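Visitor: Coordinates for the following, if possible.
(one chain, ligands or ions: 1)
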Amino acid sequence: MSEEEIEQERVDSVVKEINEKSIKTAELYEKAHKETSSVEKNYVDNAKINTFEIDDRIETNAEVQQQKQLVATTIQTEEILERQVHTLEQLGDSPYFGRIDIQDDGDPDQEQLYIGLASLVDDHQNFLIHDWRAPISSIYYNGALGHVSYETPQGKQMTELSKKRQFQIKEGKILSMFDTNETIGDELLQQVLGEQSDAQMKNIVSTIQQEQNTIIRDTTSDLLVVQGVAGSGKTSAILQRIAFLLYHSRTSLNADQIILFSPNLLFSHYISDVLPSLGEKNMRQVTLAEFFSNRFQGLKVETLFEDYESNNDRHLSDIKGNKQFKETIEHYLNTLESTDLSFTDIIYEGTPFFKKEEITQIYTRLPQNMLSADKFTATKNALTKRLKKRITEMSTSDPIREEIDSLSDSQYETYLIDYKRDEFDNVDDEISYIGTIILKDRFNIVYDAIYNNYFIDIYEQYAKFLKSAISADSKKTFQLNLELHKIALADAAPLLLLRDLLSGSGQNRNIEHLFIDEIQDYSPLQLLYLKNCFPNAKLTLLGDSEQALFHDLVLPTKFLENLNQILKIKKTNLIILNKSYRSTFEITNFAKSLLPDGNNIESFTRHGELPKIYFSKNRSQALSSLITLINEKDKSGQPLTIITKNITECNILYNELRASVDITKITDGDRSIPPTTIILPIYLAKGLEFDSVVAFDISETNYVSQNDLGNLYTLCSRAMHSLSIFSIEALSPLLKGSIIGSSVHIV
Ligand SMILES: Nc1ncnc2c1ncn2[C@@H]1O[C@H](COP(=O)(O)OP(=O)(O)OP(=O)(O)O)[C@@H](O)[C@H]1O
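Guide: Predicted structure coming up:
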């Protein structure tokens, strides 16, 4: 038998085992599903029970709590089984993708281990497949054959790695297999990268590269910064990292304790299949604007995209985004007189329950040297105490007694659900008890207002701060936005930071991991604010300083240094990815030639056509060439993606084209991309990739300064297989150095 036949025989026997397990697991899942439905029904029926005797009711309450717990447990079991069914389905199709032959030091036997999406053991507890995240599987991704090490619970174990084999298996059949002596060989990667783009990002589990593996398996850093060139697999690696962390800390970490900040809704959707395809639940995903908007009830925070497209005063935004601005806020708060605080009434049913004068008085009487956050806590405690006192006083008042008198017997008994009559000394105590419950319920809204610091008008306070720290004009602009129920993105973080520092609130200690993609678009103050918000979270920040769309390019080393200075975290790890996988060799070479330090970028050797430059005398000639190209690509089943510099250009070009070709315009609110010719501004294309990209109007008058370089580089690096650049009249000076030699095809 040939090697391939032997391997196929093994695949067949493993698939047989998987199929048997699949049937059993599917049965268990069905059973669990039925169990959940019955427990849920039981819970609803019990919750509805309306008993007359108080004793019964107390018992019922305990039983309902028990049932509730039971519902949660059965739902969890059902979810686990559902995921197992799905994973087994995937394994049945492609049980594994790698094999390593190892012999541990001191062990007389050699072992063959097969590596796949998840572990599989037979009835005798033999591993048929090892999970790619298991410590031993790291050998597959790391380094060459020979003497290597891997982590075990007992420490480092040395082993002799004598074979590393890669497989491509589909529907249980080996399509290809080859041995490699380096890290994961190029052949499979060539194939994967040569495929057409997909509406959804794919996992890279079978071809993870060594440096990406370091990112994925880092469990010790509190701050992991990944600075990677366009297309180097930053996003792919961190999604694999999330799957790894969930496996590594499976008893203490769940997907809800991980948040990923993504650049826009399109991107959120684009990556949403990766974790489920790895058998894991998705982490929480949020854009910066969504996150901020949740914190400002009823107000809309400008998105990164809107900020980018706006005429916002960049100089002012830079001031508000600078890390020194935190010090400005702190200084303002430290020197703030209590009379300058914008306290406001706590309103109950249209009238003040606590007047701002009363609140100011409580605050002012506190010791001067107390921190403002402590003063806030003390004020809140004092207000809560006063609220309780008022409730106690009112609980025996005539109106409340009258209200209690008018209760029906069953309503009355409901209030006493946790008590037996004879526990009260007299009727007055019983009535006062019921009155307190009624009033606590009624004034819960006041309690909420105290708890959430609604007694300070934070917007008014921030406006005062802006006037004193920046200018009266900047205060006015902020207030004008407020009237329109809007907050500029540049104001969101300083405003929340001011509120949180003043009141000592706003922290979520439950989040264990915070991931931020496209970090270069965040201001230092926004990063500081997020770190402050999630004090227990380990940070993984990824970005590409060269894709910065607002600023001049910053050299990677400087970018990393800046980050370290801002966040001041001790256990840090910086990983630089220089190899670009997305685009063909020709496109990456062209894109990197745009950058001053582009030589650092390594192109993956997957060849394709040269980038094309279309020179046109005027706009109508450029449009007509573009229409011809769209029609050609449409016919060949590879629709084009046209990327413009901004939304204005996008709208103009879309209107020029729509009468002649079938084209879809993508907007900020879109969540997915149709498989047709599309047009979108560069900001929305962040993090995404497309088969054939058109860059329109890369002309002398449109891409002028070094400021546009990040834009242009990001744009070109979205293309996987084909890139066409259209210039009108004269070509942008930013491209002049890139068209020498045979690096482009002139049309
Ligand atoms: N190890 C790998 N195996 C297979 N494909 C890979 C690998 N690494 C990266 N890729 C592919 O390269 C492309 C770019 O990856 P990804 O989007 O993660 O890069 P990025 O660094 O986040 O890019 P950008 O900053 O430009 O948005 C994707 O198609 C991804 O699947």
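Visitor: Phe305 reaches Leu680, doesn't it?
Guide: No: using CB atoms under 8 Å, Phe305 makes no contact with Leu680, being 10.6 Å away. C-beta: built from backbone N, CA, C; applies to glycine.
Visitor: What's the separation between the closest residue to Phe585 other than its chain neighbours and Glu195?
Guide: Residue nearest to Phe585 in three dimensions, not counting chain neighbours: Ser603, with 4.7 Å by CB to CB, 6 or more residues apart in numbering. Here Ser603 is placed at a distance of 18 Å from Glu195 (CB to CB, to the nearest Å).
Visitor: For these two, indicate the residue with more neighbours.
Guide: When Ser603 and Glu195 are compared for neighbours, Ser603 comes out ahead with 21 against 11, by other CB atoms under 10 Å.
Visitor: Next, the contact list for the more buried one, please.
Guide: The neighbours of Ser603, taking CB atoms under 8 Å, 6 or more residues apart in numbering as the test, are Lys579, Ser580, Ser583, Phe585, Thr588, Asn589, Lys592.
Visitor: Show the backbone phi and psi for Val286.
Guide: Torsion angles at Val286 (phi, psi; degrees, to the nearest 10) stand at phi -150, psi 150.
Visitor: same question, Ser162
Guide: When read as degrees, to the nearest 10, the backbone of Ser162 gives phi -110, psi -20.
Visitor: count of neighbours near the closest residue to it other than its chain neighbours?
Guide: In space, not counting the residues next to it along the chain, Ser162 is nearest to Asp101; the distance is 4.8 Å by CB to CB, 6+ apart. By other CB under 10 Å, the residues close to Asp101 number 16.
Visitor: what's the helix or strand for Asp101?
Guide: Remark: Asp101 resides in strand 98-104, with elements defined by DSSP states H and E.
Visitor: Next: Glu151.
Guide: Per DSSP H and E: Glu151 is located in strand 146-152.
Visitor: which residues of the stretch 351-500 of the chain score low on pLDDT?
Guide: Low-confidence segments of the stretch 351-500 of the chain, defined by pLDDT under 70, span residues 418-422.
Visitor: Give the closest residue to Ala134 in space, chain neighbours not counted.
Guide: The shortest distance from Ala134 to any non-neighbouring residue, by CB to CB, 6+ apart, is to Ser119 (6.9 Å).
Visitor: And the residue of the stretch 401-550 of the chain closest to the ligand?
Guide: For the stretch 401-550 of the chain, the nearest residue to the ligand under the criterion CB to the nearest ligand atom is Asp544, separated by 5.0 Å.
Visitor: thinking again about what came up before, using CSV, write down the CA coordinates of the strand holding Asp101.
Guide: This file holds the C-alpha atoms of strand 98-104, laid out as CSV (Å, rounded to 0.1, in the frame of the first residue of the first chain):
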residue,chain,number,x,y,z
GLY,A,98,-1.9,17.8,10.2
ARG,A,99,0.2,15.0,11.5
ILE,A,100,3.3,15.0,13.7
ASP,A,101,5.6,12.1,14.5
ILE,A,102,7.3,12.7,17.8
GLN,A,103,9.4,10.8,20.4
ASP,A,104,9.6,12.4,23.8
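Visitor: just checking, next helix/strand downstream of it?
Guide: The C-terminal neighbour of strand 98-104 among helices and strands, as given by DSSP H and E, is strand 111-116.
Visitor: so how far is that next one off the chain centroid?
Guide: When C-alpha coordinates are averaged (CA atoms, centre = their mean, to the nearest Å), strand 111-116 and its chain have centres 33 Å apart.
Visitor: need the next SSE after it, C-terminal direction.
Guide: Following strand 111-116 in sequence order, the next helix or strand is strand 120-121 (DSSP H and E).
Visitor: contacting residues around that next one?
Guide: Residues outside strand 120-121 that contact it (CB under 8 Å, 6+ apart) are Val14, Glu17, Ile18, Lys21, Leu91, Pro95, Phe127, Leu128, Ile129.
Visitor: let's go with 7 Å and repeat that
Guide: Contact partners of strand 120-121, identified using CB atoms under 7 Å, 6 or more residues apart in numbering, comprise Ile18, Leu91, Phe127, Leu128, Ile129.
Visitor: how close does the first one get to Glu160?
Guide: What it means is Ile18. For Ile18, the distance to Glu160 under the criterion CB to CB works out to 30 Å.
Visitor: So for these two, which residue has more residues nearby?
Guide: Ile18 (23 against 15).
Visitor: who's in contact with that one?
Guide: Under the criterion of CB under 7 Å, 6+ apart, the contact list for Ile18 reads Leu88, Leu91, Gly92, Pro95, Leu120.
Visitor: Tell me if the third one really is in a strand.
Guide: Going back to what we said before, that points to Gly92. No: secondary structure assignment places Gly92 outside any strand; it is helix (DSSP: H, G, I helix; E, B strand; the rest coil).
Visitor: Helix or strand: which one has Glu7?
Guide: For Glu7, the host element (DSSP H and E) is helix 3-48.
Visitor: Also Lys164?
Guide: Assessed by DSSP H and E, Lys164 sits inside strand 155-170.
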